[in-house]
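Novice: next comes the sequence, and after it the predicted model I'd like to discuss.
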Amino acid sequence: MSDMPDLTLAVFAKTPLGQQEIQSRSMGLAPLVRRILVLIDGKRGFPDLAALLPEGSDAGKILQELLAHGCVQVMSQLKTAPVSVSQEAPVASTAQAPAATSGTSHSRSGLPPASSRSPKDNEMARNFMINSINAIIGQNMRISLIHDIFHSDTTEKLREVYEAWESSLANTGMGAKRLPELRDKLFKVL
């Protein structure tokens, strides 16, 4: 298996079978696997896709499954290995992603302690995050992210999914343009 590409450096694209699976749902893919299939666009690499998964999910295993089913193929390889594929900001193949992730750790540092936020603040933050994803990216486009936000019942959990929220918005033209404004509004309750 020496010709098996390094998935952590791979950029994936859907095959015709993958396109058909999105329409027909005939393979019975698990929801998270199907979500990743939908998100694969020929531009996102492994680090980008891994960042969109809930914490604890194995992106490699999901992509291996999609490769085994013939739903996706490796389009190209990234030039350098990602620094971290887990909880920290991913290294991406586009010039836009480093700008989006460089502000992440700094932007959260000004937040008050999580214990100072009320359940009402959490509810407002949760609704703001879900509504901004649905309005800018489109309804049902980031289902597992919306699920994670919806089920984040504490300020700490909301802050954990914040980076995925920020990354998702930063990867769209309108989201990247409006991100500073949205971040400021969110930080009033996050």
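Specialist: All right, it came through fine. Residues are numbered from 1 along each chain as shown.
Novice: residue contacts, the residue nearest in space to the middle of the chain?
Specialist: Centroid-nearest residue in the chain: Leu52, 2.0 Å away (criterion: CA atoms, centre = their mean). Residues in contact with Leu52, defined by CB atoms under 8 Å, 6 or more residues apart in numbering, are 36, 39, 142, 144-145, 164, 167-168. C-beta here means a position set from N, CA and C on the backbone, and glycine is covered the same way.
Novice: isn't Lys14 up against His69?
Specialist: No: if you go by CB atoms under 8 Å, Lys14 and His69 don't touch, sitting 11.3 Å apart.
Novice: neighbour-wise, which of these two wins?
Specialist: Neighbours were tallied for Lys14 and for His69 using other CB atoms under 10 Å; the higher tally belongs to Lys14 (21 against 16).
Novice: who touches stretch 25-37?
Specialist: Under CB under 8 Å, 6+ apart, the answer for stretch 25-37 is 14, 18, 20-22, 49, 52-54, 57, 59, 62-63, 65-66, 69, 71-72, 143-144.
Novice: so which of those residues are in helices?
Specialist: In this view, the contacts of stretch 25-37 that belong to helices under DSSP state H are 18, 20-22, 49, 59, 62-63, 65-66, 69, 143-144.
Novice: burial count for Ser118?
Specialist: 10.
Novice: state the distance from it to Lys188.
Specialist: Applying CB to CB, to the nearest Å, the value for Ser118 to Lys188 is 13 Å.
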